[in-house]
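1. Got a sequence here, can you model it:
(chains A and B)
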Amino acid sequence: MPRSEPDLSSVRPYADRLGDGLVQLSFTLPVPYSLAARRAALELAARMGFEEPEVVHYEQLTPGYTYFVMYGRCVQTVDFESLQDEGFDIEYMDRDEIERFAAERIGRPIVVVGASTGSDTHSVGIDAMLNLKGYHGHHGLEGYRAFETYNLGSQVPNARLLAKAIEVDADVILVSQTVTQQNLHVQNLTQLVEMVEAEGRRGEMILACGGPRVTNELAKELGYDAGFSKGTYPNHLATFIVRELAARAAVPR
Amino acid sequence: MLLSELTAPAPRLALVGLAKNTGKTVALTALLSELAAAGRTVGVTSVGRDGEEHDVIDSRIEKPRVWLRAGSIVASTDVLLRASALPHEVLERTGARTPLGTVLIARLRGEGTLEVAGPSTAAGVRAACDAMLGYGAEQVLIDGAIDRRAASSPDVADGLVISTGAVLSEDIDEVVSRTRDAVELVRLARVAHEPRARMLAIGPHSALLGEHGEHAQLPPRFALTASAADISAALDDAPQARWMLVAGALPEHFVRELAHLLHRRARELTLVLADSTKAFLSEHGPGWYAGQGLQIEVLEPISLRALTVNPIAPRSHSFDSAQLRELLHAAIGDIAIFDVMSPDYRGSRPAAIA
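-> Below you'll find the model as predicted:
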């Protein structure tokens, strides 16, 4: 099959040939399984902006609910070139690469102190990142030679987390917190940053936060150096830490 | 008087909100348009991110855009400057790294809106401010983020504007009392001249000090980690102590415990901090603790220039602006209080958010 080069300033989905815009979408409507349901799905897809929508599969989920699989052509494009050089994302290293990079560029154990802070009782995120067991077959930082980790668990007050971080001369403080739309936990996240500042340690510590709604944009608002959300594996966090430490060592501030 | 006139004596002016959506960025945009009208060259930075279209937590909330005229100086990231498509001249690469890119100092060659995200750390903010003043900014505005205060420290800024608003509570009296507590905290008095000189000489250590030159150094991280027994022992070992100097952060649980132990001993003590950004009080204001026999003072006070109010809590409730300002005035007294969106504000009002 002949391959043409995609135009990265104007990309759209494709299935059979570049630029065909073909998208598969699936959803459920709260309507009985019927021909009217099928027409409703077609109309909805057209309103979403898809051209030539077609229903390729539909079935009753449970009485009163119908599940659809559809195809449609997306006519919109995005300018990938303008996004590409934004440098938001980094290429992640695997564990062996991280160990080698840390040995060459850092040359000492990297101390990471983590906790779920405030009233947050969830420690799943922190455990997945730090504990040997990790998750989905990815070991946490505890399993790396490059890292020395302290997992303080959940519902840890900011003062205790900070005192521990100073005591062990931490390179990184990692906090996990569920951020809700009601802002419930945001103040606890900003307070930690402010306390690190008050202790005069902000310049020497990397602050990272993680949670289901945490993005880099939110991390910036909160005063953290990075934010990690769903889909983060321990090696993603580890890659950020070793690269950031190396970059800071290169540009003394 | 206009907000910009009242804040003009501060070359580095910090804007701090008591929570998200208290109208910090609206106050910033009002200041920017007043300063532009007066032909002043401004520098702008943000400890968070400013000028984004939608709120980072609740995307249904639209945010005010930041419009700058040609010649303005800005500290923002390489990524956001490029995305703004505004012509600009890069004056300096600061090396400050943020989740949104590396911070540059740039002079705009054309007018327009852009997102501003400067250094996140207090030291980085100070360096960026000084750089912008060095490149010809007559005043630098430091916008806060959420409820962060570190950049309002006298180590960083020369003056402060606090933004408060309906978003703090559905109860107007609660908004007033929380604002009063925050203002009390910001206006903590400078400790008297004599012990202050001794405290500055002690350096970055926590200590108990007496009237006659004696002092006892406290263990590192005392205020972060001390138990009731530790505080008791320290107090009893220094029965003549009049001041407790706290070198770093002052968490509320420590203040609460200390006030309780002093009360039991019928003793009085003055806690002294570097400045009020080091105090983390959310349950009670300094006035309440003073009533318990525990004064709180600082080595360096903050120059609070004005309050701005946002009487509207987005997607929730709102108060009458004039009433809120009157209640705040009655509770706080001698401070200028502005609602820059109100029809009675005489400055150049920023355009309403669509």
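
2. buried ones in the lengthiest helix in chain A?
-> Ranked by number of residues, the top helix in chain A under DSSP state H is helix A:234-250. Of the residues in helix A:234-250, A:234-245, A:248 count as buried by neighbour count, 16 or more other Cβ atoms under 10 Å in any protein chain shown. In short, each C-beta sits where N, CA and C put it, glycine included.

3. domain parsing for chain B?
-> Taking automatic domain parsing as the criterion, chain B consists of the domains B:3-187+B:302-338, B:193-298.

4. Pick the most deeply packed of those domains.
-> Neighbour counts (mean count of other Cβ atoms under 10 Å in any protein chain shown) averaged over each of the domains of chain B peak at domain B:3-187+B:302-338, with a mean of 21.

5. is any part of that domain close to chain A?
-> Yes. In terms of Cβ under 8 Å from any Cβ of the partner chain, part of domain B:3-187+B:302-338 sits within range of chain A, namely B:19-20, B:47-49, B:52, B:56-58, B:78-79, B:82-83, B:95-101, B:117, B:120-124, B:145-150, B:153.

6. Show me the residues you listed that map onto strands.
-> Among the residues of domain B:3-187+B:302-338 next to chain A, the members found in strands (DSSP state E) are B:95-98, B:101.

7. Let me know the closest of those to chain A.
-> B:Gly95 (4.4 Å; Cβ to the nearest Cβ).

8. Just confirm A:Tyr58 is within a strand.
-> Yes. Looking at A:Tyr58 with DSSP: H, G, I helix; E, B strand; the rest coil, it is inside a strand.

9. which residue sits closest to it, ignoring its sequence neighbours?
-> Among residues not flanking A:Tyr58 along the chain, A:Phe68 sits closest, at 4.7 Å (Cβ to Cβ, 6 or more residues apart in numbering or on different chains).

10. Likewise for B:Leu299?
-> In space, and not counting its chain neighbours, B:Leu299 is closest to B:Ala274: 5.3 Å by Cβ to Cβ, 6+ apart.

11. just to revisit the earlier point, can you narrow the buried residues of helix A:234-250 down to the ones near chain B?
-> Contacts with chain B within the buried residues of helix A:234-250, counted by Cβ under 8 Å from any Cβ: A:244, A:248.

12. Dump the buried residues of helix A:234-250 into CSV; add pLDDT and distance to A:Tyr14 as well.
-> Formatted as CSV, these follow (pLDDT from 0 to 100; distance: Cβ to Cβ, whole Å):
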residue, pLDDT, distance to A:Tyr14
A:Pro234, 91, 34
A:Asn235, 91, 30
A:His236, 91, 28
A:Leu237, 92, 33
A:Ala238, 94, 34
A:Thr239, 94, 30
A:Phe240, 93, 32
A:Ile241, 94, 37
A:Val242, 95, 36
A:Arg243, 93, 33
A:Glu244, 93, 36
A:Leu245, 94, 40
A:Arg248, 87, 41
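
13. who touches the longest helix of chain A?
-> Under the contact criterion Cβ atoms under 8 Å, 6 or more residues apart in numbering or on different chains, helix A:234-250 has outside partners A:90-95, A:98, A:101-102, A:105-106, A:110, A:112, A:128-130, A:134, A:138-141, A:144, A:146-147, A:171-172, A:174, A:206, A:208, A:210, A:225-226, A:228, B:97.

14. Which of the residues you listed fall within helices?
-> A:95, A:98, A:101-102, A:105, A:128-130.

15. Using PyMOL, define a selection of the buried residues within those.
-> Only the buried entries of those go into this PyMOL selection, using 16+ other Cβ under 10 Å:
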select buried, chain A and resi 95+98+101+102+128+129+130
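
16. Okay, helices next: where are they in chain B?
-> B:3-7, B:24-37, B:78-84, B:122-134, B:172-186, B:193-202, B:222-225, B:228-237, B:252-265, B:286-291, B:321-332.

17. In JSON lines: the ones you listed, plus distance to B:Val340.
-> Formatted as JSON lines, the helices of chain B follow (distance: least, Cβ to Cβ, whole Å):
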{"stretch": "helix B:3-7", "distance to B:Val340": "6"}
{"stretch": "helix B:24-37", "distance to B:Val340": "4"}
{"stretch": "helix B:78-84", "distance to B:Val340": "24"}
{"stretch": "helix B:122-134", "distance to B:Val340": "23"}
{"stretch": "helix B:172-186", "distance to B:Val340": "16"}
{"stretch": "helix B:193-202", "distance to B:Val340": "37"}
{"stretch": "helix B:222-225", "distance to B:Val340": "38"}
{"stretch": "helix B:228-237", "distance to B:Val340": "45"}
{"stretch": "helix B:252-265", "distance to B:Val340": "32"}
{"stretch": "helix B:286-291", "distance to B:Val340": "28"}
{"stretch": "helix B:321-332", "distance to B:Val340": "10"}
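
18. possible to save those as CSV with mean pLDDT and distance to A:Tyr58?
-> Shown next, in CSV, are the helices of chain B (pLDDT from 0 to 100; distance: least, Cβ to Cβ, whole Å):
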stretch, mean pLDDT, distance to A:Tyr58
helix B:3-7, 93, 60
helix B:24-37, 92, 47
helix B:78-84, 90, 41
helix B:122-134, 97, 56
helix B:172-186, 95, 52
helix B:193-202, 92, 76
helix B:222-225, 96, 60
helix B:228-237, 96, 67
helix B:252-265, 95, 58
helix B:286-291, 92, 64
helix B:321-332, 94, 54
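
19. right, so of those helices, which gets closest to B:Val246?
-> For those, the distance to B:Val246 is smallest for helix B:222-225, at 4.8 Å, taking Cβ to Cβ.

20. is chain A contacted by that closest one?
-> Yes. Residues of helix B:222-225 contacting chain A under Cβ under 8 Å from any Cβ: B:224-225.

21. what packs against that helix?
-> helix A:158-167, strand B:250-251 (3 or more Cβ pairs under 8 Å, 6 or more residues apart in numbering or on different chains; DSSP states H and E).

22. Give me the contacts around it.
-> A:159-160, A:162-163, A:166, A:199, B:206, B:230, B:234, B:246, B:248-251, B:254.

23. how about 6 Å then?
-> Outside helix B:222-225, the residues that touch it by Cβ atoms under 6 Å, 6 or more residues apart in numbering or on different chains are A:159, A:163, B:206, B:246, B:250, B:254.

24. Would you check that the second one makes contact with B:Pro220?
-> In other words, A:Ala163. No. Look at A:Ala163 against B:Pro220 with Cβ atoms under 6 Å: they stay out of range, at 9.2 Å.

25. A:Cys209 against A:Ile173, yeah?
-> No. If you go by Cβ under 6 Å, A:Cys209 and A:Ile173 don't touch, sitting 9.0 Å apart.

26. who in the stretch 151-300 of chain B is up against chain A?
-> B:221, B:224-225, B:248-249, B:251, B:278 (Cβ under 6 Å from any Cβ of the partner chain).

27. how about 10 Å then?
-> Applying Cβ under 10 Å from any Cβ of the partner chain, one finds that the stretch 151-300 of chain B approaches chain A through B:151, B:153, B:155-156, B:167, B:204, B:220-226, B:246-254, B:273-275, B:277-280, B:282.

28. Where do the strands of chain A begin and end?
-> A:22-29, A:50-62, A:65-74, A:110-116, A:147-151, A:172-176, A:206-210, A:226-228.

29. most packed of these?
-> Here the criterion is mean neighbour count by mean count of other Cβ under 10 Å, and of the strands of chain A the winner is strand A:172-176, at a mean of 28.

30. Wait, B:Ala128 touches B:Arg93, no?
-> No. Using Cβ atoms under 10 Å, B:Ala128 makes no contact with B:Arg93, being 11.5 Å away.

31. which stretches of the stretch 1-150 of chain B have low pLDDT?
-> B:56-57, B:59 (pLDDT under 70).
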